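[1] coords below, sequence missing:
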């Protein structure tokens, strides 16, 4: 069983479209994250949710909106996609009191 | 704010060579430290961790020691294999929210 799973793995879309990426974890963790990896492999946090509550919101355009329907799921919706949004997006989860995070396989988003 | 600086890559080695990838950090408080590895086309996997000063993390022949006095967490392996070819990320974790701050990643290529 995959611990942190993301769908889709690849996403190619045109500028201006709206798209969503889904993430689910079956580890029983209470905290979930979205990270963005740019073309130079640099990783930066975007959002974090703890028990469905937003606790970290880094400087991210308003076009990005995370949603956590329950503590096992964290989805990322992106409106009006731009070329600069092309990147790999990683979902991760962790448990309060344990510092390590576990990552999904990533979603490679390409905006054309 | 927190930051992590890794040795510039790429690093190219022959099989069975000794590996060191340097990592230094700046943080307030006492962060946990990690090495993550990203194999080609895959997500991030936790390689090893250390949660307090002088802790040594180890896994799959890799080791790193949490050095508070030098704010370092250098990754070492005595004898690398072709299968170790990957991108290696040093990271620290904010104890409050579990947010990971990553270094820029080091590409390792091991030749037979």
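    Thanks, I have the structure now. Computed from a predicted model, the values in this text were never measured in an experiment.
[2] Give the residue spans of the chain that score low on pLDDT.
    All of this is about chain A. A:1 (pLDDT under 70).
[3] wrong one, chain B
    In chain B (pLDDT under 70), no residue qualifies.
[4] Show me what residue of it gets nearest to chain A.
    residue B:32 (3.7 Å; C-beta to the nearest C-beta). For every residue, glycine as well, the C-beta is placed using N, CA and C.
[5] and that residue, what does it touch?
    By C-beta atoms under 8 Å, 6 or more residues apart in numbering or on different chains, the contact list for residue B:32 reads A:99, A:100, B:49, B:50, B:51, B:92, B:93, B:95.
[6] residue contacts, the nearest residue to it once chain neighbours are set aside?
    Leaving aside its chain neighbours, residue B:32 sits nearest to residue A:99 (3.7 Å; criterion: C-beta to C-beta, 6 or more residues apart in numbering or on different chains). Residues in contact with residue A:99, defined by C-beta under 8 Å, 6+ apart, are B:32, B:34, B:49, B:51, B:93, B:95, B:98.
[7] so which strand or helix has residue A:99?
    Using DSSP states H and E, residue A:99 sits in strand A:98-103.
[8] Tell me which strands that strand pairs with, and in which orientation.
    Looking at strand A:98-103 with DSSP bridges, its partner strands are strand A:87-95 (antiparallel).
[9] roughly how far out does the strand it pairs with sit from the chain middle?
    5 Å (C-alpha atoms, centre = their mean, to the nearest Å).
[10] quick one: buried residues of it?
    A:87, A:88, A:89, A:90, A:91, A:92, A:93, A:94 (16 or more other C-beta atoms under 10 Å in any protein chain shown).
[11] Please identify the one among those that lies nearest to chain B.
    Distances from chain B to these, taken by C-beta to the nearest C-beta, are shortest for residue A:94, at 4.8 Å.
[12] The nearest residue to that closest one once chain neighbours are set aside and residue A:35, how far apart?
    Using C-beta to C-beta, 6+ apart and skipping residues adjacent in sequence, the residue nearest residue A:94 is residue A:101, 4.2 Å away. Shown here: residue A:101 relative to residue A:35, a distance of 9 Å by C-beta to C-beta, to the nearest Å.
[13] which residues are in contact with both of these two?
    In contact with both residue A:101 and residue A:35: A:92, B:100, using C-beta under 8 Å, 6+ apart.
[14] Show me the strands in chain A, by range?
    Assigned by DSSP state E, the strands in chain A fall at A:4-7, A:10-13, A:19-25, A:31-37, A:43-50, A:53-57, A:64-70, A:73-78, A:87-95, A:98-103, A:107-111.
[15] Neighbour-wise, which one of the contacts of residue B:32 leads?
    Each of those was scored by neighbours using other C-beta atoms under 10 Å in any protein chain shown; the highest score is residue B:92's, at 25 neighbours.
[16] thinking again about what came up before, so what's the residue count around the residue nearest to residue A:94?
    27.
[17] Could you double-check that it lies in contact with residue A:92?
    Yes - the pair residue A:101 / residue A:92 is scored as a contact, 4.4 Å apart, by C-beta atoms under 8 Å.
[18] Tell me the residues that contact both of those two, please.
    In contact with both residue A:101 and residue A:92: A:33, B:100, using C-beta under 8 Å, 6+ apart.
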